[in-house]
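[1] I would like the atomic coordinates for the input below:
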Amino acid sequence: TLSVGLLEASLLCHEWPFLGGSVVDATTTFCLRYSAEQLFPSVVWVTQDAHLVATACGLDPHVVLRDLSGTTADSATLVLQTQFLATSRYFFAGFMMIAQLFRA
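    Now for the predicted structure:
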């Protein structure tokens, strides 16, 4: 679930994380925090808002995040991709929780 959240966060950002540089350091901070913030909410099919996570990291969402409005072809494609990844997080987190309950 963390790795899917990390991939999802990477798609949301203007720059790729973990490459170095000041904007990329901010992107890395956002990606790590975003994936961690999605861990428990994924069990109940909830996603923490990317703008909220960026703001909580002390970052300007308009600098770090790509356009998520869905009003252009690129933006709509990005939204669909991130929704697919969010659904994957929900699926994995839900089934892992059920598996742990039955193991106990």
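
[2] can you confirm Val79 is in a helix?
    Yes - with DSSP: H, G, I helix; E, B strand; the rest coil as the criterion, Val79 is part of a helix.

[3] mind listing the helices in the protein by residue range?
    In the chain, the helices defined using DSSP state H lie at 2-12, 22-37, 50-56, 61-64, 73-103.

[4] Can you tell me which helices and strands the second one packs against?
    For helix 22-37, the packing partners by 3 or more C-beta pairs under 8 Å, 6 or more residues apart in numbering; DSSP states H and E come out as helix 2-12, helix 50-56, helix 61-64. In short, each C-beta sits where N, CA and C put it, glycine included.

[5] helices and strands around the shortest one, which ones?
    It stands for helix 61-64. helix 22-37, helix 50-56.

[6] Would you single out the least confident of those?
    Across those, helix 22-37 has the smallest mean pLDDT, namely a mean of 87.

[7] who's in contact with that one?
    2-3, 5-6, 8-10, 12-18, 48, 50, 53-54, 56-57, 59, 63-65 (C-beta atoms under 8 Å, 6 or more residues apart in numbering).

[8] low-confidence ranges in the chain?
    For the chain, applying pLDDT under 70 flags the ranges 20-24, 104.

[9] Not counting sequence-adjacent ones, nearest residue to Phe92?
    Nearest non-adjacent residue to Phe92, counting by C-beta to C-beta, 6 or more residues apart in numbering: Thr1, 5.4 Å away.

[10] Check whether the one you found really touches Ser42, as I assumed.
    Yes - Thr1 lies in contact with Ser42 (C-beta atoms under 8 Å); the separation is 5.5 Å.
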